[in-house]
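1. quick one: sequence and predicted model below, then my questions.
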Amino acid sequence: MFRSRLTDELNRRDQLAGALLGLGALNWGLVGVANFDAVRAILGKTVASRVVYGLVGASGAYAMARGARLARR
């Protein structure tokens, strides 16, 4: 009967994707403003940094798909 709030519909995967998107956005903000890549500074040019970038990208794709599904409700 009553539509639940959007925050009530977010699950753990949604929260994790949001956290990764936030960290990725902050990192790219630092790259744009100060030419400083925090991920590379912490992890170096390693496979681990590529995994982090991949997870941020996957989170973006997930967020777009999930957001579209929630918007249809």
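-> Perfect, I can see it now.
2. sec struct for residue 45, please.
-> Here residue 45 takes the coil state, with states given by DSSP: H, G, I helix; E, B strand; the rest coil.
3. number of nearby residues for residue 57?
-> 13 (other Cβ atoms under 10 Å). Just so you know, the C-beta spots here come from the backbone N, C-alpha and C atoms, and that holds for glycine as well.
4. please, which helix or strand holds it?
-> helix 47-71 (DSSP states H and E).
5. in that helix, what's buried?
-> 49, 52-53, 56, 59, 62, 66 (16 or more other Cβ atoms under 10 Å).
6. from residue 40, how far out is residue 50?
-> 10 Å (Cβ to Cβ, to the nearest Å).
7. next up, the contacts around the spatially most central residue of the chain.
-> For the chain, the residue nearest the mean C-alpha position is residue 21 (1.8 Å; Cα atoms, centre = their mean). By Cβ atoms under 8 Å, 6 or more residues apart in numbering, the contact list for residue 21 reads 56, 59-60, 63.
8. any weak-confidence spans in the chain?
-> By pLDDT under 70, the weakly predicted segments of the chain are 1-8.
9. for residue 26, which non-adjacent residue is spatially closest?
-> In space, and not counting its chain neighbours, residue 26 is closest to residue 38: 7.6 Å by Cβ to Cβ, 6 or more residues apart in numbering.
10. hang on, that neighbour packs against residue 25?
-> No. Look at residue 38 against residue 25 with Cβ atoms under 8 Å: they stay out of range, at 11.7 Å.
11. in stretch 29-40, what counts as buried?
-> 37, 39.
12. span of that stretch from start to end?
-> For stretch 29-40, the first-to-last residue distance is 14 Å (Cα to Cα, to the nearest Å).
13. ok, residues contacting that stretch?
-> By Cβ under 8 Å, 6+ apart, the surrounding residues in contact with stretch 29-40 are 26-27, 49, 52-53.
14. rewinding a little: what does the residue nearest to the centre of the chain show for phi and psi?
-> Here is the backbone geometry of residue 21 (degrees, to the nearest 10): phi -60, psi -40.
15. secondary structure element holding residue 28?
-> Going by DSSP H and E, residue 28 is in helix 12-34.
16. just the angle between that helix and helix 47-71, please?
-> Helix 12-34 and helix 47-71 meet at an angle of 120 degrees, taking axes from the mean of the first three to the mean of the last three Cα atoms, to 10 degrees as the criterion.
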